[in-house]
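Q: task: produce atomic coordinates for the following.
(2 chains)
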Amino acid sequence: MSNEMMSPFVEGTLEMMGSMLGLDCQVTEVDAELGSSPTVFGTVALEGNASGRITLSLAEADGKQLVGAMMGVEQGDVDEELMRDGLGEMANVIAGYARSVLAGADLDMEIGLPEIAAEAPVSAGGVIHRRVESDLGSFFLTLEILKNDSAPAAESGKGTES
Amino acid sequence: MKILVVDDSRAMRAIVHRTLRQAGFANLEVVEAANGKEALDKVKDSSPELIISDWNMPEMNGLELLQALRGDGVSTPFGFVTSLGTPAMQQEAVSSGASFFITKPFRPETFEVVLGPYL
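A: The predicted structure follows:
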């Protein structure tokens, strides 16, 4: 899978974090397993001539910080249900942004409703991870493309993207 | 002024409400609904003067809500605040009677410019 397909999802993440949370972020490519820190996983399915899913994974404390910032409330005012809801919306916004960008490249994808789980979705391979760090918390952004009938895109280099 | 905010995400309904305040729209009475079906009831009960809706929702999506309202003869200004922003969808929204289309992620400045004529 091309790293280039990941770019719109990273752009969407940066735009969401900047405009809706008021946060600057650092996005870094990571190859390794996500480790044990994420305990909440927000996934949006992608269906079309490319299909797969995008997943945001993080620790609950980071989720409450980030959702609180997005809503303009204190972390203590974000209960678990609201944190899960907010995390799903973050994944939805990122997927929607990427879908709009990829539609301009003739890659048609529908996006599903967000789903939240306590365990990472089982991967069939073809996975790209990014670590997104901000002053209020960090999360992993994972793109898995299971099928891609579109024209192959060029590989991009590894490293820091913002 | 009474407005109806329709989104299946409780967090996003709160964010839209907060962004309205940040955009300088004070003294709004905000009514909320979690999907299109619930919104149809709220329109009958509350008679909002503006409807702001998500697109992708369970039960009844935003486009189906808009089409149902227009089919019932309800002409309340209606617009989308959604993460689904392809030109084809925007065209479909406009041809169904939508007045505006705001894509997520959004900024207060966007709300101020786009919603100003209605609030």
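
Q: retrieve the pLDDT associated with residue B:60.
A: According to the prediction, residue B:60 has pLDDT 96.

Q: could you check stretch A:55-71 against chain B for contacts?
A: Yes. Judged by C-beta under 8 Å from any C-beta of the partner chain, stretch A:55-71 comes into contact with chain B at A:67, A:70-71. No exception for glycine: its C-beta is placed from N, CA and C like everyone else's.

Q: I'd like the average pLDDT over the longest strand along chain A.
A: Longest strand in chain A, counting residues (DSSP state E): strand A:137-148. For strand A:137-148, the mean per-residue pLDDT is 88.

Q: next up, the contacts around the residue of chain A at minimum distance from chain B.
A: Per C-beta to the nearest C-beta, residue A:96 is where chain A lies closest to chain B, at 2.6 Å. By C-beta atoms under 8 Å, 6 or more residues apart in numbering or on different chains, the contact list for residue A:96 reads A:12, A:111, B:82-85, B:103-104.

Q: what's the answer for residue A:91, then?
A: For residue A:91, the contacting residues are A:42-44, A:54-56, A:114, by C-beta under 8 Å, 6+ apart.

Q: gap between residue A:111 and residue A:129?
A: 20 Å (C-beta to C-beta, to the nearest Å).

Q: counting neighbours, go ahead and name the busier of these two.
A: residue A:111 (22 against 19; other C-beta atoms under 10 Å in any protein chain shown).

Q: so how far is residue B:27 from the more buried one?
A: 36 Å.

Q: returning to what we had before: any chance of the contacts of residue A:91 in TSV, plus secondary structure and neighbour count?
A: Shown next, in TSV, are these (DSSP: H, G, I helix; E, B strand; the rest coil; neighbours: other C-beta atoms under 10 Å in any protein chain shown):
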residue	secondary structure	neighbour count
A:42	strand	26
A:43	strand	22
A:44	strand	25
A:54	strand	26
A:55	strand	25
A:56	strand	27
A:114	coil	24
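
Q: which helix runs longest in chain B?
A: Longest helix in chain B by number of residues (criterion: DSSP state H): helix B:10-22.

Q: need the CA coordinates for that helix. PDB is fine.
A: Provided in PDB are the C-alpha atoms of helix B:10-22 (Å, rounded to 0.1, in the frame of the first residue of the first chain):
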ATOM      1  CA  ARG B  10     -23.600  14.300  21.300                       C
ATOM      2  CA  ALA B  11     -20.100  15.700  21.300                       C
ATOM      3  CA  MET B  12     -20.600  17.200  17.900                       C
ATOM      4  CA  ARG B  13     -23.900  18.800  18.800                       C
ATOM      5  CA  ALA B  14     -22.100  20.500  21.700                       C
ATOM      6  CA  ILE B  15     -19.200  21.600  19.400                       C
ATOM      7  CA  VAL B  16     -21.700  23.100  17.000                       C
ATOM      8  CA  HIS B  17     -23.400  25.000  19.900                       C
ATOM      9  CA  ARG B  18     -20.000  26.200  21.200                       C
ATOM     10  CA  THR B  19     -18.900  27.300  17.700                       C
ATOM     11  CA  LEU B  20     -22.100  29.300  17.300                       C
ATOM     12  CA  ARG B  21     -21.300  31.200  20.400                       C
ATOM     13  CA  GLN B  22     -17.600  31.600  19.300                       C
END
